[in-house]
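**Student:** Sequence plus predicted model, see below.
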Number of protein chains: 2
Amino acid sequence: MGAEARRGPRRGEDTRAAILEAARGEFARTGYAATSLRGVARAAGVDPALVHHYFEGKDDLFAQSVVLVSLPGPPASLASQVMEGSREEVGLRAVRTFLGVWEARRSSFEALLRSIVTSEEVARAVREFLTQEIFGRVVSGLEPGLEEQERDLRAGLAAAAAMGLAMGRYVVRLPGVADADPETLVQRVGPVLQGYLLPR
Amino acid sequence: MGAEARRGPRRGEDTRAAILEAARGEFARTGYAATSLRGVARAAGVDPALVHHYFEGKDDLFAQSVVLVSLPGPPASLASQVMEGSREEVGLRAVRTFLGVWEARRSSFEALLRSIVTSEEVARAVREFLTQEIFGRVVSGLEPGLEEQERDLRAGLAAAAAMGLAMGRYVVRLPGVADADPETLVQRVGPVLQGYLLPR
DNA sequence: AGCATATTTCATCATCTGATGAAACTACTC
DNA sequence: GAGTAGTTTCATCAGATGATGAAATATGCT
């Protein structure tokens, strides 16, 4: 007998934080659509109703646990961080910046990555973020007055290269890419982004 | 009154094919985990039990509708198709070959792509296919006797670039990449794969 | 002490999921 | 025409899911 869980607060435990942490893990494992609130509750060792007590629903939980954490700051500062310095090394700086952000927030970034595919909303957000906020600004900054089609192509190819690197390293875990030293990747992939952003 | 659906065969309709087609569409929209057999049945305008009548279960349906169709033939022939020709244009041929296969089987390929993220099994299969069957062979063929680490890195980077292109074009639909003419992509991305596979 | 507030659990809903067995129906063979 | 095999629908199951409202408990305030 006895194993009935007592109700009421448990001292010294930050349940909300535990739920957030568990949610990040679940979203990172299976993506938005396949993650269940009950699964999150189970992973957090908590009653499912508690998840609803702290968050409005699945959308809100995803926003709080993943999206808010994935961004290190305002997008514009990311873009300008990439732009700052010599034109010949934009590519290197871009890869270095991204890898830095990704590695530092690995699990929430992985969750975001896995959710691109399951949720059209997330896909749209990532598309707009990458093309408008980041690479669009960078390309326009490097070469103002470029016609729209060429600008989109350059920004898109750079974004695709970045996504490929992310997918290969965190989702598919390609040997050689998943276990490479970050700076190795910067040296190899940097010139590629450079070529996309500022052809010859 | 009247609206009860009659049982028994419907002449002239290939129901199994309709289910396969609907399944491909659903898997392509939301990936393996988020696709339900009932959703497939609904999309095919068919009773859910019929899906079970024709297929063993979700795994089987996925295998029949997506996996079997995604491969144009034995992997080895894909690899040799890429190798055939001048060394200086392996990159171009690789991108051209892949884009050709993808465009021709777009919806089943999209389903595969979306399922990489939701199913660890699919991810493993894709990883092994890309690194061992395709780019592993290509790199080894181009430069035999390369040490394992370097071979994995080159193959992995090439695979990552290909996946990025696929994600950008079919899943995230980056403007500039999603709507580009295939040959434009070949011309821009080809040199990148070339650089990964055969550095300088 | 007593009271208010926030936290946690329980019980329950309607809905969806994959799955199965049986019944109705059609088309074909003899 | 009777019978058989294959196709389709229906009824139903157990389990999971998102969600809600109410009860129980602990903590902090006065």
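**Tutor:** That came through fine.
**Student:** ok, so what distance separates A:Leu113 from B:Gln194?
**Tutor:** For A:Leu113, the distance to B:Gln194 equals 27 Å [CB to CB, to the nearest Å]. C-beta coordinates here come from the backbone N, C-alpha and C atoms, glycine included.
**Student:** number of nearby residues for A:Glu133?
**Tutor:** Applying other CB atoms under 10 Å in any protein chain shown, we find 15 other residues in the vicinity of A:Glu133.
**Student:** Pretty sure it sits against A:Ser80.
**Tutor:** No. Counting by CB atoms under 8 Å, A:Glu133 does not reach A:Ser80; the two are 11.2 Å apart.
**Student:** quick one: low-confidence parts of chain A?
**Tutor:** Scanning chain A with the threshold set as pLDDT under 70 gives A:1-5.
**Student:** neighbour count winner among A:Leu113 and B:Gln194?
**Tutor:** When A:Leu113 and B:Gln194 are compared on other CB under 10 Å, the one with more neighbours turns out to be A:Leu113, at 23 against 20.
**Student:** Which helix or which strand is home to the more buried one?
**Tutor:** A:Leu113 is part of helix A:106-116, with elements assigned from DSSP states H and E.
**Student:** Up against DNA strand C, what does chain A have?
**Tutor:** Residues of chain A found near DNA strand C, taking CB under 7 Å from any atom of the strand as the criterion, are A:4-10, A:13, A:15-16, A:46-50, A:53.
**Student:** And A:Ala166, how far from DNA strand C?
**Tutor:** Distance of A:Ala166 to DNA strand C, given as CB to the nearest atom of the strand, to the nearest Å: 29 Å.
**Student:** what residues are up against the nearest residue to that residue once chain neighbours are set aside?
**Tutor:** Spatial nearest neighbour of A:Ala166, chain neighbours left out: A:Leu113 (5.7 Å); criterion: CB to CB, 6 or more residues apart in numbering or on different chains. With contact set as CB atoms under 8 Å, 6 or more residues apart in numbering or on different chains, A:Leu113 has these partners: A:Ala166, A:Met167, A:Tyr170, A:Val171, B:Val117.
**Student:** Contacts only, for the last one.
**Tutor:** The reference is to B:Val117. Under the criterion of CB under 8 Å, 6+ apart, the contact partners of B:Val117 comprise A:Gly31, A:Leu113, A:Arg114, A:Ile116, A:Val117, A:Thr118, A:Val171, B:Gly31, B:Ala123.
**Student:** Looking at those residues, spot the one nearest DNA strand C.
**Tutor:** Out of the contacts of B:Val117, the one with the shortest distance to DNA strand C is B:Gly31. That distance is 12.3 Å, counting by CB to the nearest atom of the strand.
**Student:** where's that closest one, which helix or strand?
**Tutor:** B:Gly31 is located in helix B:15-34, with elements delineated by DSSP H and E.
**Student:** If you count contacts, what does that helix end up packed against?
**Tutor:** helix A:15-34, helix B:37-44, helix B:48-54, helix B:58-62, helix B:106-116 (3 or more CB pairs under 8 Å, 6 or more residues apart in numbering or on different chains; DSSP states H and E).
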